[in-house]
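return atomic coordinates for the entry below.
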Amino acid sequence: MNQKHQEAMADVRDMYMVHIMFRREFGLLPQLVRDVRPGDVKRAEVVGAHAALMCQQLHLHHEGEDMFLWPLLAERGGAEATAIVPTMRAQHHAIEEAYAAVVAMLPDWRRTAREGNELADALERLRAVTTEHMAMEEAEILPLAKRHVTAAEWAKLGEHGLRDTPKKRLPLSFGMAMYEGDPEVIKAVLAHAPLPARLLMPVMAPRVYAAHAKRVHGTATPPRIGAGTR
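All right, here's what the predicted structure looks like:
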């Protein structure tokens, strides 16, 4: 550990940026579903595809934490980690159950635009358990990660999500996170990306998200919720 602590330690600011994205998009999704007229399958496909994308992003995000973050903190974080990591794991299990309920309903709803209220209720449950988890993670886990996880180890969390995200989806994924992101944090996130990504993402990603948001939310500038969440 002495050698580890001579290395650069995790810059956890990117986690706040991702959490803001999840709060915003999952906060808006239940009403988006409720607003789809029964039988309007064209609109249901637009909203349903967005819901599926957000569920996939959330699943990959938590899968990375399960694989990389909890074991490191359990090994190095002492009594503080022992007290909180089991709660984090239990919350992930509750989120996975809520996630599974949503993804089970999505295909039929996208195809028929029927039973939207049931899907919206399931999305509300997913939003609620995810929001509770993120708040506790920010209060308890991120301070531990800054002390016990190196920058290289922290990077594996992001790499896991990127590896399993289709390349054509990357500009949208970045754009969703960048929408309310601190420019300094965005710059830090892209610092280790290949040169083309460093040059193109700051321009391309916001445009891709704006077009996506216009289709999904009816506006290129959906309500921002970042203020006061940290």
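
buried set for the longest helix out of those in the chain?
Longest helix in the chain, counting residues (DSSP state H): helix 78-112. Across helix 78-112, burial judged by 16 or more other Cβ atoms under 10 Å covers 81, 84-85, 88, 91-92, 94-96, 98-99, 101-103, 105-106, 109-110. (Each C-beta comes from the backbone N, C-alpha and C, glycine too.)

before we move on, what about stretch 156-165?
156-158, 160-161, 165.

and what of stretch 65-73?
Neighbour-count burial for stretch 65-73 [16+ other Cβ under 10 Å]: 65, 68-70, 72-73.

stretch 208-221 now?
So stretch 208-221, judged by 16+ other Cβ under 10 Å, has buried residues 208-209, 212-213, 216-217.

pull the residues that contact that stretch.
Outside stretch 208-221, the residues that touch it by Cβ atoms under 8 Å, 6 or more residues apart in numbering are 28, 32, 46-47, 50, 171-172, 175-176, 178-179, 222.

need the contact list for the residue nearest to Ala113 when sequence neighbours are not counted.
Once flanking residues are discounted, Ala113 sits nearest to Ala44: 3.8 Å by Cβ to Cβ, 6 or more residues apart in numbering. Listed by Cβ under 8 Å, 6+ apart, the contact partners of Ala44 are 36, 109-113, 116.

ok, now how distant is Thr150 from Arg163?
20 Å (Cβ to Cβ, to the nearest Å).

can you name the residues in contact with stretch 117-137?
With contact meaning Cβ under 8 Å, 6+ apart, stretch 117-137 is reached by 15, 19, 22-23, 26-27, 29-31, 33-34, 51, 55, 58, 84, 87-88, 91-92, 94-95, 98-99, 101-102, 105-106, 109.

let me know the average pLDDT across it.
When pLDDT is averaged over stretch 117-137, the result is 98.

send the alpha carbons of that stretch over as PDB?
C-alpha atoms of stretch 117-137 as PDB (Å, rounded to 0.1, in the frame of the first residue of the first chain):
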ATOM      1  CA  ASN A 117     -48.600   3.300 -16.300                       C
ATOM      2  CA  GLU A 118     -47.100   0.000 -15.100                       C
ATOM      3  CA  LEU A 119     -43.800   0.700 -16.800                       C
ATOM      4  CA  ALA A 120     -43.800   4.300 -15.500                       C
ATOM      5  CA  ASP A 121     -44.300   2.900 -11.900                       C
ATOM      6  CA  ALA A 122     -41.500   0.500 -12.400                       C
ATOM      7  CA  LEU A 123     -39.200   3.300 -13.600                       C
ATOM      8  CA  GLU A 124     -40.200   5.300 -10.500                       C
ATOM      9  CA  ARG A 125     -39.100   2.500  -8.300                       C
ATOM     10  CA  LEU A 126     -35.800   2.200 -10.200                       C
ATOM     11  CA  ARG A 127     -35.300   6.000  -9.900                       C
ATOM     12  CA  ALA A 128     -36.000   5.900  -6.200                       C
ATOM     13  CA  VAL A 129     -33.600   3.100  -5.300                       C
ATOM     14  CA  THR A 130     -30.900   4.500  -7.600                       C
ATOM     15  CA  THR A 131     -31.200   8.000  -6.200                       C
ATOM     16  CA  GLU A 132     -30.900   6.700  -2.600                       C
ATOM     17  CA  HIS A 133     -27.800   4.700  -3.600                       C
ATOM     18  CA  MET A 134     -26.100   7.600  -5.400                       C
ATOM     19  CA  ALA A 135     -26.600   9.900  -2.400                       C
ATOM     20  CA  MET A 136     -25.000   7.400   0.000                       C
ATOM     21  CA  GLU A 137     -22.300   6.600  -2.400                       C
END
